[in-house]
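In: build me a structure from this.
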Amino acid sequence: MSVEVIEWEQGCENLGRSVAAIGVFDGVHLGHAALIADTVALAQKRGARSVVVTFDRDPDQVVTPEAAAPQLLSLPEKIELVGELGADVVLVFPFCMRMAEMAPKRFLDDVFMSALEPVVVLVGRDFRFGNRASGTVETLSEYGASAGFEVIPHELVVIGGEPVTSTRIRRLVSHGQVESADVLLGRLHRLHGRVGHGRGEGASVLGVPTANIRPEQHAAVPADGVYAGWASVAGRRYPAAISVGVPPSFPEAHDYLEAHLLGFEGDLYNTDIMLEFARRLRAQEAFDSTDALAARIRADIEHVALMADPADGKGLR
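Out: Residues are numbered from 1 along each chain as shown. Coordinates of the predicted model:
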């Protein structure tokens, strides 16, 4: 579904009557999806535009860059997924230190209210904003009461006895538990990168050509291991065996993210690629010989091929 994307700047045109959801929305996971779906439904009921308000980067990348969390989505992917949920507008605030230092009321006065005329604002119950995250849901509700809009704190979605949060999903990804992360995301965990030159053992020594991928900055890369998943290139999606981490058999290697695309023929160098992670097959292992390593890689590829078979209802998604 097409969604209008507006990058806010001082003096930009006001969007008018809106039902708005505010958040970073990294991952656009099942909890985010529920909040956005409620925003869209309420906007239709109130005869207003549904607006998802977010930032062009994780605020922590500006405030505490040394401790910023890996990101589950890039901004374009976030916008695409929000659009698929039916929102009319994604309003993007460029986040900078000046905005980070704004007191909550000043942010609402100078930025938020300059951009739209909220009828209702929906946020997660743990929502924080403003300088040093000093603004809370209660702060927003008190402001809304005087400014003429309602604030609805959205309960967190709970799966497996715990709330669905981006932090929880990042933790699962960092431990290689991509199947559990995928459940909370409602889709496969993904990352983007560009194919570069690798060390060449894949094709020349092992007989298995691989794409050596440089992931985007801040991408949430899963724990070291071998994964079954997908690789999308130029609009086509291929089953893929994906290796994360330096293979112990080649300790001098600098490449740590490689993928063999089943059924692909051609040159991938300098091509943009998206990887999706469906299942962790095994940890990285050291082998006594290149023949043993090559045999294990072929077995991994065969495993991926069987999982990608449409007849396997429990295979790759």
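
In: can you check the pLDDT for residue 205?
Out: Per-residue pLDDT puts residue 205 at 56.

In: for the stretch 201-317 of the chain, which spans come out with low pLDDT?
Out: 201-206, 251, 253-255, 310-315 (pLDDT under 70).

In: switch to 80 and redo it
Out: Scanning the stretch 201-317 of the chain for pLDDT under 80 picks out the ranges 201-207, 249-255, 309-317.

In: which residue ranges of it form strands?
Out: Taking DSSP state E, counting those that start in this stretch, the strands of the stretch 201-317 of the chain run over residues 211-215, 225-233, 236-244, 257-261, 272-282.

In: can you redo those strands as a markdown table with distance to residue 59?
Out: C-beta: built from backbone N, CA, C; applies to glycine. Shown next, in a markdown table, are these (distance: least, CB to CB, whole Å):
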| stretch | distance to residue 59 |
| --- | --- |
| strand 211-215 | 22 |
| strand 225-233 | 29 |
| strand 236-244 | 28 |
| strand 257-261 | 27 |
| strand 272-282 | 25 |
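
In: out of those strands, nearest to residue 73?
Out: Nearest of the strands of the stretch 201-317 of the chain to residue 73, taken as CB to CB: strand 272-282 at 11.2 Å.

In: tell me the gap between that closest one and the middle of its chain.
Out: Counting by CA atoms, centre = their mean, to the nearest Å, strand 272-282 is centred 14 Å from the centre of its parent chain.

In: angle of that strand against strand 211-215?
Out: Angle, strand 272-282 to strand 211-215, by axes from the mean of the first three to the mean of the last three CA atoms, to 10 degrees: 100 degrees.

In: before we move on, back to that, out of the strands of the stretch 201-317 of the chain, which is closest to residue 7?
Out: Residue 7 lies closest, by CB to CB, to one member of these: strand 272-282, at 22.4 Å.

In: would you turn the strands of the stretch 201-317 of the chain into JSON lines with mean neighbour count and distance to residue 35?
Out: Below are these laid out as JSON lines (neighbours: other CB atoms under 10 Å; distance: least, CB to CB, whole Å):
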{"stretch": "strand 211-215", "mean neighbour count": "22", "distance to residue 35": "28"}
{"stretch": "strand 225-233", "mean neighbour count": "23", "distance to residue 35": "27"}
{"stretch": "strand 236-244", "mean neighbour count": "22", "distance to residue 35": "29"}
{"stretch": "strand 257-261", "mean neighbour count": "24", "distance to residue 35": "32"}
{"stretch": "strand 272-282", "mean neighbour count": "20", "distance to residue 35": "24"}
